[in-house]
Every structure is written in structure tokens, then in C-alpha cells.
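[1] Using only what follows, build the 3D model:
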Amino acid sequence: MRPGTKNLITDVAGLRVGNARDAALKSGTTVLTADRPFVASVDVMGGAPGTRETDLLAPDKSVAMVDALVLSGGSAFGLDAASGVTDALRDVGRGFPVGGIQVPLVPAAILFDLVNGGDKSWTQNPYNALGRAAFDAASDEFELGTAGAGTGATSATLKGGLGSASLVLPSGITVGALVAVNPFGAVTTPGERHFWAAQFELQGEFGGLGPDVTPDIASRRLPVKSDMFNARGNTTIAIIATDAKLSKAQCKRIAAAAQDGIGRAIVPAHTPMDGDLVFALATGVHELSDCSMDVMEIGHAAALCLSRAIARGVYAAEPAPGDLFPTWQGRNG
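    You can find the predicted model right below:
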């Protein structure tokens, strides 16, 4: 397996990603969409998720496809970003037809960034406008790090961010990941230099330092966020995409497999203080040649992509006025 041309989720042909952020707010929104609806499902492993329209992604629900997926900061306020995306999709004639009306379907997930030093004294919820702006900015090229939903993200000891990565399988199937990294746990080993995901790194994409070879590293006490970032102050939210032809049930299985990528790149992961969630979508271009084996390989690639994307998001984060956490580059540059 090798990275796609851009090493982004948009190596899956037909997908577009848009970011919008508010520097004073220290928050933002990321939207993934495509020219036509796509099959999607979701898997939730964290103890404190925040979501919109995720129930319809269950394999037994009647909705077959959706129009976009949203990752946003802002906690419960950030769910309104999906309303901005819904309005924008309706304006371009997208949506599920119901009685002559097009109803866009836009599942969303949020992370908590309300106590990260940004100005949250708004009088009107800003996330609807951020969602629309992100949709309008959607392209096959997009910024990583302090961008979109990763703008105000933090990890246990470092600033978080927006990450992405891709792989092309020997079959020609492409798999990509997009993630907003805001966990309770740490993305680096003690010392904040080596990423937990280092063993999966390709082509020096997040510094090329390799794994931490310190003896008994796993037995050391791990840093987690301070009391200021309490049980509501976390969550890693992600999207996995592939150009394979998958059912909703198969997308559900891919989303579950991809959760391993969070567990390999963040320690501890899936805690009661996180709302860890993974969407998985399929554009349906490539037919499966061997259903069981292909789904297994796609799930394996999804976990690898997600681990790499998590590290890339933190690696690419940039400092900003008022930050409460240092960046990886600031610590190690």
C-alpha cells in the first residue's frame, strides 16, 4: 500500500472537503461532500459523543445515502453547522426528494473546544455561518493542522488539529481518513517528541523521527488533560472514505475497524471523557472482487490512515495568540 497523490481523504475521487474557522473564537467547522450522495454509516466508542442525524446511518434504517458529513468544534452549539450546510445544499438543489421538496441529509459530530482561550461571548450562534462557509470552500485540496474543526482542538499536552491521510490498496481501491484531533489522552509518548503512531508513518509525513525506543515506555504514567478540560472537554471525530462499492452494513464494519486507528495513535483512547466517533462512507466506484477479504483490507487500511491522520493533524498545528497549549512544532522545531 502507498499514499495517494495528495495523501488526503480527497484522493478518493469525487470527494471535496471545506474548512472554515474564526480565529477569535478559536473554533471552526469542516465539511465533506461530493457531487452526488454517498453510502455512509457510523461507529461510536467514546463515552461522551455529540451528534446529529447519526441514527439514520444504522444499517437497518431506510435512508440509503447522505449528501454531506460535518465535523465541528463548538460542542452542542457546533451542531448548528450542519444547518448551514443543509441550507447550502438545498440552494443547489441537493437532497432527498419528499413531496416535491429536496431535503439534504447531513449527519454531524462535534468536539468540545469551549474553554480553549477563544472568545465565546457571541450573541448569535456562529456555527451556522461557519458550516455554510466551509461548504462553499469545499475542494479536493484543503489545509491541515489549525484549520476547520481542528482550529481550537487540544490533546493532553499539545495543541490538536485537523489531519488527513490516504492509502491505495494493491487492488486499486483507495481509502482515506479525515480527523479532528481533540482527545483526553496523548498523541505523543512521554516527552512529547515521538508520536504513538510513528510505526505507521509513511514518507516522513509527520517528522520522520520514528518510534520511541525508551525502555518500558508503555509503563510510564501518561499525561492527560488538566481539570480545566474536564469530562466534557474532549473527543476525536473522524471520517473514513473509500471508492469501493459497500453497503451501509459494510460501512459500519469499516467504521468500527477504523476505531483501532484511534487506539493506536492516542493513549488512552475511547475514555468516558471522549466522544470518539468514526463515520465511514463509500462512493461505490470499485466493485469488490472478494467481499470478505476486500472489506477486511479496507478496514485495515482505514485504521492505518486514521492513525497517520491523527499524527499529521497535531504535527501541522500552528500557534495562535491566546493558545493554552504548545504546538508539536514549537516543542520540537
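
[2] alpha carbons only for contacts and neighbour counts from here, please
    Will do.

[3] Packing partners of the worst-scoring helix or strand of the chain on mean pLDDT?
    Between all helices and strands in the chain, the lowest mean by mean pLDDT, DSSP states H and E belongs to strand 96-98, at a mean of 80. In terms of contacts (3 or more C-alpha pairs under 8 Å, 6 or more residues apart in numbering; DSSP states H and E), strand 96-98 is packed against strand 101-103.

[4] Let's see that with 6 Å instead.
    Of the remaining helices and strands, none touches strand 96-98 by 3 or more C-alpha pairs under 6 Å, 6 or more residues apart in numbering; DSSP states H and E.

[5] Can you list the strands that it pairs with?
    strand 101-103 (antiparallel) (DSSP bridges).

[6] neighbouring contacts of the helix or strand following the strand it pairs with?
    Per DSSP states H and E, strand 101-103 leads on to strand 108-110 as the next helix or strand towards the C-terminus. Outside of strand 108-110, the residues within contact range by C-alpha atoms under 6 Å, 6 or more residues apart in numbering are Gly50, Thr51, Arg52, Leu69, Val70, Leu71, Ser72, Gly73, Ser75.

[7] State the next helix or strand along the chain beyond strand 108-110.
    helix 127-136.

[8] okay, which residue is most central for this protein?
    With distances taken as C-alpha atoms, centre = their mean, Val179 lies nearest the centre of the chain, 2.0 Å away.

[9] distance between the least confident helix or strand of the chain and the chain's centre?
    28 Å (C-alpha atoms, centre = their mean, to the nearest Å).

[10] so of the contacts of strand 108-110, which ones are in helices?
    Ser75 (DSSP state H).

[11] most surrounded residue in the contacts of strand 108-110?
    Neighbour counts for the contacts of strand 108-110 (other C-alpha atoms under 10 Å) peak at Ser72, which has 35 neighbours.

[12] quick one: contacts for that residue?
    Per C-alpha under 6 Å, 6+ apart, neighbours of Ser72: Thr29, Gly78, Ile110, Ala149.

[13] same thing but at 7 Å, please
    Gly28, Thr29, Thr30, Gly78, Ala109, Ile110, Leu111, Ala149 (C-alpha atoms under 7 Å, 6 or more residues apart in numbering).

[14] how many other residues sit next to Ala64?
    18.

[15] Against Ala255, how distant is it?
    17 Å (C-alpha to C-alpha, to the nearest Å).

[16] One more: Pro3?
    Distance from Pro3 to Ala255, by C-alpha to C-alpha: 20 Å.

[17] Of those two, give the one with the bigger neighbour count.
    Ala255 (28 against 19).

[18] Spatially nearest residue to that one (excluding sequence neighbours)?
    Distance criterion C-alpha to C-alpha, 6 or more residues apart in numbering; nearest residue to Ala255, sequence neighbours excluded, is Ala280 at 5.1 Å.

[19] Quick check, Ala165 in contact with Leu8.
    Yes. Using C-alpha atoms under 7 Å, Ala165 is in contact with Leu8, at 4.6 Å.

[20] Find the residues that touch each one of the two.
    The contact sets of Ala165 and Leu8 overlap at Gly176 (C-alpha under 7 Å, 6+ apart).

[21] the more surrounded of those two?
    Between Ala165 and Leu8, counted using other C-alpha under 10 Å, Ala165 has the larger neighbour count: 31 against 26.

[22] what packs against the one helix or strand that one maps to?
    Per DSSP H and E: Ala165 is located in strand 161-168. Contacts defined by 3 or more C-alpha pairs under 7 Å, 6 or more residues apart in numbering; DSSP states H and E place strand 161-168 against strand 174-181, helix 291-315.
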